[in-house]
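S.K.: got a predicted structure plus its sequence, pasted below:
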Amino acid sequence: MGLIVAVALVFYLGLCIALGTSAPLRVVSSGSMCLSEEGCDGWSHPFTPTLHRGDIIVIQTVKPEELNVDYPNSDIIVYQNPDLRHNPEATPIVHRIVSAYQDSNGTWHFQTKGDGNLHHWPQIPTANEYDSHVIWTSGEGVSQDLVLGKVVLRIPIVGLIALFMQENSWALPLIVGLFLLLIALEFYLPVAKQRHRKRIAEQQTRAANQP
């Protein structure tokens, strides 16, 4: 078990170094990128070309000028909500770039939108559908300093386990309890077997010594 934990830790640290970010893995928790009218729960429509609730996404840090802004084939980025930029606990947003521009200082800004919000991808959205008019109301796109990275890989369904634990307060204590039970059994069963074999051996010895 310790070896498994160590390998997982080394793998995660390796991802952090390779992708240039301290949080290379995230779980998609909303359905704003879902293209199905019935909704996406991770199990349904798993191979549509967007993100689903329950996906684990791999994030890579990139320079703002290297992001693909050619909608509808543009990059999906992970960014901090401009209204909540000073709240470290705020959940980042994972949406697709619709367009980009530079201000007078040379800072890049990205207009974004969830693929499943209002007009579905790959339809060209109107400016009123941009996140800058729906989630926050300044009309300004996401500044480059708020972009955490772009999505480079999607792993379907696996993240549903994490979402289940987040949405059910009893899930984590249950899993910890089962884990501790397994550890206890791992140590108890060999001892119990040894005691059982010793008891049988003693019974056989007494039976052999009886006249």
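M.R.: Yep, that arrived. Residues are numbered from 1 along each chain as shown.
S.K.: off-centre distance for the lengthiest helix in the chain?
M.R.: Using DSSP state H, we find that the single longest helix of the chain is helix 171-209. Distance of helix 171-209 from its chain centroid, counting by CA atoms, centre = their mean, to the nearest Å, is 39 Å.
S.K.: show me the beta-bridge partners of the residue lying closest to residue 131 once chain neighbours are set aside.
M.R.: Spatial nearest neighbour of residue 131, excluding adjacent residues (CB to CB, 6 or more residues apart in numbering): residue 112 at 4.7 Å. In short, each C-beta sits where N, CA and C put it, glycine included. Beta-bridge partners of residue 112, counted by DSSP bridges, are residue 97.
S.K.: once you drop chain neighbours, what's closest to the residue most central in space within the chain?
M.R.: Note on the chain: the residue nearest the mean C-alpha position is residue 27, at 1.9 Å, using CA atoms, centre = their mean. Nearest residue to residue 27, sequence neighbours excluded (CB to CB, 6+ apart): residue 159, at 3.7 Å.
S.K.: go on, residue 158?
M.R.: With CB to CB, 6+ apart as the criterion, residue 158 has its nearest non-adjacent residue at 5.1 Å, and that residue is residue 56.
S.K.: pretty sure the one you found sits against residue 161.
M.R.: No - the criterion here is CB atoms under 8 Å, and residue 56 misses it with residue 161 at 9.7 Å.
S.K.: of the two, who's got more company?
M.R.: Under the criterion of other CB atoms under 10 Å, the comparison of residue 56 against residue 161 puts residue 56 first, with 18 against 14.
S.K.: which residues touch that one?
M.R.: By CB atoms under 8 Å, 6 or more residues apart in numbering, the residues touching residue 56 are 25-28, 154-155, 158-159.
S.K.: what's the answer for residue 126, then?
M.R.: So residue 126 contacts residue 119 (CB under 8 Å, 6+ apart).
S.K.: where does it land on pLDDT?
M.R.: At residue 126, the model reports a pLDDT of 94.
S.K.: next, give phi and psi for it.
M.R.: phi -80, psi 160 (degrees, to the nearest 10).
S.K.: follow-up on the earlier one: could you count how many residues lie near the residue nearest to residue 131?
M.R.: 24.
S.K.: just residue 183 next, same as before
M.R.: Look at residue 183: counted by other CB under 10 Å, it has 11 neighbours.
S.K.: mind checking which helix or strand the closest residue to residue 62 other than its chain neighbours is in?
M.R.: Spatially, and ignoring its direct neighbours in sequence, residue 62 is nearest to residue 150 (5.5 Å; CB to CB, 6+ apart). Assigned by DSSP states H and E, residue 150 falls within strand 147-155.
S.K.: how far is that strand from where the chain is centred?
M.R.: A distance of 10 Å separates the centroid of the chain from that of strand 147-155, by CA atoms, centre = their mean.
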